[in-house]
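**Student:** show me the folded form of this:
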Amino acid sequence: MDNTSLNNEIYEEEKANIINTISDGWYNLLAFYEQIDILSNNQSERRIVKSNYTETKNTCENEFEYDMKILYNERDLGVFSVIVSNNEFNLNSYKDFALKASVIRKHSNNNLLPPGLLFIYDNKCIWSNAIADEIIFMTDLNISDIIMNDSLSDKENVYVNNYKFLHFDLLAIKIPIISKDKFIGYFVILADNALNNKRIKELTNKTAVIKEIHHRVKNNLQTISSLLSMQMRRTNNKIVQKTFTESINRINSIALVHEELSKVGIEKVNIKTTITSIMETLLRTMAPPDKDFKGKIEGSSIYMESNKASSLSLCVSELIQNSIEHAFKFRKKGSITVNIKESGEFAFITIEDDGIGFTNKKGKDSLGLDIVEMITNETLKGTFSINGHLYGTQIQIKFPII
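**Tutor:** Just a heads-up that it's a prediction; the model follows:
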């Protein structure tokens, strides 16, 4: 590994440590803010809102938005974006919220240890939790170091610093708190950076194992696909060949999900990327050479758990195959569009072609459409609809993504 790659890896670990540490204090930060977004490279690393103190993708009506850069050793790690609470800050209210938050944390994840938390007002520490008190006592950290190491006039940056004392590696994050367009003090998070690094390394090892598992599953599925292809070539029966081809494409659509997982090493898949690969594969393998079929993928990226992603990929594969086989009879050209949309708690996957239209009601009894309807209803817990007209067919799958 060259020095550039090594430095990039260290930088990513440091960034992950800091973002994770800020996120560990989110229950208490929501005492001040209605919504928090931690952004890095314009990508949302964390998004949380005050409603029910749970992570969600919903946004709330904002009274005042405020962005702060996250600065670590003079490097810009991203943006800490907040929507300010409607209520004025009150220390007693904050203490009540912090107590309630600690109970919620305990019940939501027993392995999540809250970091040391302080609130600094008028250059004085006016509130701290027990963990912060213990950290300060064991490290003999001077509170004035945290307060004075950056300009008090700077209210636009989240400052992150490392303090090393003997065998301690302390991460201190100082976040300016704004209420009703007014600066009211600093919220400080103290955490053991050595422990964070250990967790990152454990996560890295686990990720490598997960990637290898998905890589092997993908290879096994491709082996099955190859064996079926060999078997298919031993017959000249067109009906049998068609059945083999459909089965091979179903297997390959699932393999594509595991291929994506083997690259990213997490248990969530960007379904837009997978559907793009499915479209390219099916047009390449199924479209007759004398016809010009175009495929198009539109919409947003949606990340899904691997089991749901596999099911959805199988459905999309079936529907694209149906369009290729049936929509363009007696036509030399055609287009198939897949639109991916997220609205509220639901995802909408729409497959549309400009073919001859879906006019045969009995067509819904085909195996492919039966598979799609069964998976949509039972696995995705969603709905499946077909809208056929003279200028093509539109099929939509709607399902909850939360």
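**Student:** CA only for contacts and neighbour counts going forward, please
**Tutor:** Will do.
**Student:** and the host helix or strand of Q241, average pLDDT?
**Tutor:** According to DSSP states H and E, Q241 maps onto helix 238-264. Across helix 238-264, pLDDT averages out at 81.
**Student:** counting contacts, what elements does that helix pack onto?
**Tutor:** Other elements packing on helix 238-264 under the criterion 3 or more Cα pairs under 8 Å, 6 or more residues apart in numbering; DSSP states H and E are helix 193-232, strand 268-270, helix 271-286, helix 306-322.
**Student:** how about these in a markdown table, adding distance to I22 and mean neighbour count?
**Tutor:** Converted to a markdown table, the helices and strands packed on helix 238-264 look like this (distance: least, Cα to Cα, whole Å; neighbours: other Cα atoms under 10 Å):
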| stretch | distance to I22 | mean neighbour count |
| --- | --- | --- |
| helix 193-232 | 12 | 16 |
| strand 268-270 | 23 | 21 |
| helix 271-286 | 29 | 18 |
| helix 306-322 | 28 | 21 |
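**Student:** okay, the ones you listed in a markdown table with distance to N142 next?
**Tutor:** Output for the helices and strands packed on helix 238-264, formatted as a markdown table (distance: least, Cα to Cα, whole Å):
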| stretch | distance to N142 |
| --- | --- |
| helix 193-232 | 18 |
| strand 268-270 | 43 |
| helix 271-286 | 50 |
| helix 306-322 | 48 |
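**Student:** can you list these in CSV and add mean pLDDT and distance to G78?
**Tutor:** Output for those, formatted as CSV (pLDDT from 0 to 100; distance: least, Cα to Cα, whole Å):
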stretch, mean pLDDT, distance to G78
helix 193-232, 77, 19
strand 268-270, 79, 22
helix 271-286, 86, 25
helix 306-322, 87, 28
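**Student:** pLDDT score assigned to M1?
**Tutor:** 42.
**Student:** N52 now?
**Tutor:** For N52, the pLDDT comes out at 51.
**Student:** packing partners of the helix or strand harbouring I120?
**Tutor:** Take DSSP H and E as the rule and I120 turns out to sit in strand 116-121. Judged by 3+ Cα pairs under 8 Å, 6+ apart, the packing partners of strand 116-121 are strand 124-128, helix 130-139, strand 182-192.
**Student:** contacts for it?
**Tutor:** Strand 116-121 is contacted from outside by 25, 125-133, 135, 147, 184-191, using Cα atoms under 8 Å, 6 or more residues apart in numbering.
**Student:** between the helices and strands packed on helix 238-264, which one is closest to I48.
**Tutor:** Set against I48 and scored by Cα to Cα, these come closest in strand 268-270, at 18.9 Å.
**Student:** list the buried ones in stretch 384-402?
**Tutor:** Within stretch 384-402, the residues that count as buried by 16 or more other Cα atoms under 10 Å are F384, G388, G392, T393, Q394, I395, Q396, I397, K398, F399, I401.
**Student:** nearest to I70, of those residues?
**Tutor:** I401 (30.5 Å).
**Student:** go ahead and confirm the closest one touches G344.
**Tutor:** No - here I401 does not reach G344: they are 9.1 Å apart, not a contact under Cα atoms under 8 Å.
**Student:** dump the residue contacts of E156.
**Tutor:** The contact partners of E156, by Cα under 8 Å, 6+ apart, come to D67, M68, K69, P176.
**Student:** part of a strand, is the second one?
**Tutor:** Right, the one you point to is M68. Yes - assigned with DSSP: H, G, I helix; E, B strand; the rest coil, M68 falls within a strand.
**Student:** rewinding a little: highest average neighbour count across the helices and strands packed on strand 116-121?
**Tutor:** Neighbour counts (mean count of other Cα atoms under 10 Å) averaged over each of those peak at strand 182-192, with a mean of 21.
**Student:** got the angle between it and strand 124-128?
**Tutor:** For strand 182-192 against strand 124-128, the angle by axes from the mean of the first three to the mean of the last three Cα atoms, to 10 degrees is 60 degrees.
**Student:** what's strand 182-192 packed up against?
**Tutor:** The helices and strands touching strand 182-192, judged by 3+ Cα pairs under 8 Å, 6+ apart, are helix 3-24, strand 116-121, strand 168-179.
**Student:** can you give the strand pairings for the last one, parallel or anti for each?
**Tutor:** The reference is to strand 168-179. For strand 168-179, the paired strands and their directions (DSSP bridges) are strand 157-165 (antiparallel), strand 182-192 (antiparallel).
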